[in-house]
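# here's my sequence, what's the structure:
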Amino acid sequence: MKKLEDYHFPEDLKTMNNHEMELLSAEIREFLIEHVSKTGGHLASNLGVVELTVALHRVFDSPKDKIIWDVGHQSYVHKILTGRADQFDHLRMTGGMSGFPKKCESAHDVYQTGHSSTSISAAAGMAAARDIRHEHYSVIAVIGDGSLTGGMVYEAMNNIGISKSKVIIIVNDNGMSISKNIGGMSEHLTKLRTSRKYLQTKSSVKRKVQGIPLIGQGVYEGMAAAKNWMKYALMSGGILFEELGFTYLGPVDGHDIPALRGALTRARRVDGPVVLHVMTQKGKGYRNAEKDPGKFHGIGPFDPETGAVLHPSGCTWSKVFGKTMDQLGKEDKRIVAVTAAMEDATGLSDFAKHYPKRFFDVGIAEAHAVTFCAGLATSGMKPVAAIYSSFLQRAYDQIIEDVCIQNLPVVLAIDRAGIVGADGETHHGVFDLSFLCGIPNMHVFSPAEGRQLPALLRYALSLNAPAAVRYPRGGCSCDGDLPEYQGGNQRISEGTDVEIWAVGPMLSHAQAAAEILEKQGYSVGIISVLQVKPMDLSLLNPEVKLAVTLEDGIVLEGFGAMFQEKAPCGLHVLSLGWPDKFVSHGSPDDLYRMYGLDGAGIAESVCSALKNLQK
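Residues are numbered from 1 along each chain as shown. As a prediction, this is how the structure comes out:
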């Protein structure tokens with residue numbers, strides 16, 4: 001049997017009939033389960049779009065036709081069908097293929113995505129450029145129903161509807177219902193309204209009726225009113241898209257290749273913007289993922305037979321946060337938890353279950369989440385917004401304008417701060433220190449170990465001011481909480497040659513570097529930086545020759561930059577962190593080593609700096 005790696009995609013797809021494409025879809029599912037079970041990755045979302053992706057590449061001509069994948073974690077099938085099946089052995093690994101669309105990988109990845117709700121804006125821009133240049137190709141945005149909670153979607157659709165530019169939006173509906181499925185009538189109306197004969201007749205009738213002297217325009221407006229009344233009566237939720245200026249098609253069975261091909265062909269035929277509503281099942285074809293699509297959304301290596309994760313995580317930062325919030329919710333009825341479509345991932349499931357009236361999942365709408373918290377805070381509540389670091393970037397303006405200018409007691413629980421590993425550039429949380437530390441009234445904290453997180457969170461809530469507690473992804477120590485935290489930093493060791501100020505979890509790397517340096521005869525002091533801002537330099541040893549700052553964020557405008565600005569005159573400062581570039585995907589250990597931020601790399605940099613001081 002021919003392997004997926006042996007096909008010449010997407011060209012070979014163009015000659016396949018429906019039956020052959022159905023067999024291909026089954027083969028793709030087996031391939032995905034086999035490979036993702038070894039490497040980890042986003043499985044359920046990809047299993048759900050197999051037939052849709054096959055039909056897309058059968059009807060359209062990528063890369064001439066532009067296919068944009070919102071978020072992008074569902075692009076594995078697209079990668080297979082554009083000739084990259086042979087790269088799946090190293091999916092998301094250091095130096096291997098990305099788990100998201102990446103322009104440098106393939107001409108078929110026309111737009112690099114990683115965050116949600118952006119595809120329609122990008123499609124609008126591509127279509128506008130096409131129209132300006134008098135070119136002819138289709139622009140297709142594939143967006144999940146969950147991403148429709150993002151405000152950019154409607155800003156973009158409003159612009160497209162006004163411009164009447166030809167953009168095809170495919171709503172991959174695998175969760176919430178956007179429109180009632182009215183079966184045969186829906187299919188009949190869709191075919192009727194998009195047939196060439198109908199479109200030609202509609203245009204001809206419009207011209208002829210409007211051409212009737214004196215009464216033509218009034219008659220046409222009356223006909224239009226009757227047509228609109230029928231649309232409201234028959235189309236239910238689809239009317240939203242129609243009112244924005246789109247032709248609404250569907251719903252279509254997203255696992256029926258003939259139906260998909262027909263719907264996509266009709267969408268391509270419409271002269272103007274189109275929304276095609278496709279119903280799919282997340283995890284389709286793999287029993288374990290169908291039963292628990294949340295677990296298989298993003299998963300590590302697993303046993304394909306049982307679905308059991310091979311290396312289950314024990315205690316994690318997110319679990320510690322969730323346990324702490326559950327306890328805090330019991331102690332103080334003013335505490336409210338807010339998240340942006342990340343209830344389970346941020347550890348808030350127990351809080352949501354125990355205090356449902358004080359838990360809010362606002363969907364993929366981080367900017368709204370922060371301003372919503374500002375509103376809660378003005379009314380006497382103590383909101384905690386649990387948001388991934390890279391997604392918090394989407395709410396930068398709201399943090400400044402709605403929280404910090406008003407000096408409101410909103411606590412940001414920043415999950416996945418620092419390097420996150422396999423998801424790469426779009427998900428690394430390396431910018432939060434830089435953009436938060438420059439905002440007046442903001443307090444920033446970073447625990448070095450899991451046991452410190454509860455105390456820092458309690459302290460942040462006690463400040464009655466804007467505060468952020470940032471913590472990384474993955475496992476942590478959490479056997480018993482540490483004593484109450486009262487602000488400031490902690491001295492770990494004394495040293496006279498060099499002092500390393502390590503922000504949060506970078507403490508372990510500082511300790512590894514100190515061990516190497518001490519073997520070389522240097523006296524090394526270590527400060528565990530728990531309070532990033534306001535900066536506390538009270539523990540600084542005035543006798544040291546060199547101070548080294550160490551942070552899991554970009555070194556520009558981060559903790560190191562603040563330290564250098566406030567350090568005593570004459571003190572030499574070496575700031576270490578991630579460079580002024582986007583760090584690719586890979587295992588965290590590999591990335592720390594590659595960028596000189598592991599123990600050996602830090603020791604080498606410190607050694608070099610100390611030798612330069614001796615010259």
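# surely Tyr154 is in a strand?
No: the assignment for Tyr154, made by DSSP: H, G, I helix; E, B strand; the rest coil, is helix rather than a strand.
# what pLDDT does the model give the spatially closest residue to it that is not a sequence neighbour?
In space, and not counting its chain neighbours, Tyr154 is closest to Leu244: 7.7 Å by C-beta to C-beta, 6 or more residues apart in numbering. C-betas here are computed from N, CA, C, even on glycine. Here, the pLDDT recorded for Leu244 equals 87.
# isn't Leu244 up against Ile162?
No: because the distance of 9.0 Å does not satisfy C-beta atoms under 8 Å, Leu244 is recorded as not touching Ile162.
# who's more crowded, these two?
Leu244 (18 against 11; other C-beta atoms under 10 Å).
# for the more buried one, phi and psi?
Note on Leu244: backbone dihedrals following degrees, to the nearest 10 are phi -80, psi 0.
# list the contacts for it?
By C-beta atoms under 8 Å, 6 or more residues apart in numbering, the residues touching Leu244 are Tyr154, Met157, Asn158, Ile160, Gly161.
# for Glu499, phi and psi?
Glu499 has phi and psi values of phi -130, psi 130 when expressed as degrees, to the nearest 10.
# ok, it to Pro472 distance?
Spatial separation of Glu499 from Pro472 under the definition C-beta to C-beta, to the nearest Å is 23 Å.
# what is the neighbour count of Ser379?
Ser379 has 9 neighbouring residues, counting by other C-beta under 10 Å.
# which residues touch it?
Counting by C-beta under 8 Å, 6+ apart, Ser379 makes contact with nothing.
# if I look at Gly48, how far off is Pro304?
Between Gly48 and Pro304 the distance is 17 Å, computed by C-beta to C-beta.
# er, Ile399 I mean
From Ile399 over to Pro304 (counting by C-beta to C-beta), the distance is 43 Å.
# more neighbours: these two, which one.
Each of Ile399 and Pro304 has its neighbours counted (other C-beta under 10 Å); Ile399 has more, 26 against 16.
# contacting residues around that one?
Applying C-beta under 8 Å, 6+ apart to Ile399 gives the contacts Val370, Leu392, Leu412, Leu436, Ile439, Met442, Pro466.
# isn't the last one up against Pro440?
No: the pair Pro466 and Pro440 fails to qualify as a contact (C-beta under 8 Å) at a distance of 9.3 Å.
# who has more neighbours out of these two?
In this view Pro466 and Pro440 are compared by other C-beta under 10 Å, and Pro466 has more residues nearby, 28 against 9.
# ok, the more buried one - contacts?
By C-beta under 8 Å, 6+ apart, Pro466 lies in contact with Ile399, Val403, Cys404, Asn407, Leu408, Pro409, Val410, Leu412, Ile439, Asn441, Met442, His443.
# looking at these, which are in strands?
When DSSP state E defines the strands, the subset of the contacts of Pro466 inside them is Leu412, His443.
# among the contacts of Pro466, which one has the most neighbours?
Val410 (32 neighbours).
# ok so Ile140 is a strand residue?
Yes: going by three-state DSSP, the assignment for Ile140 places it inside a strand.
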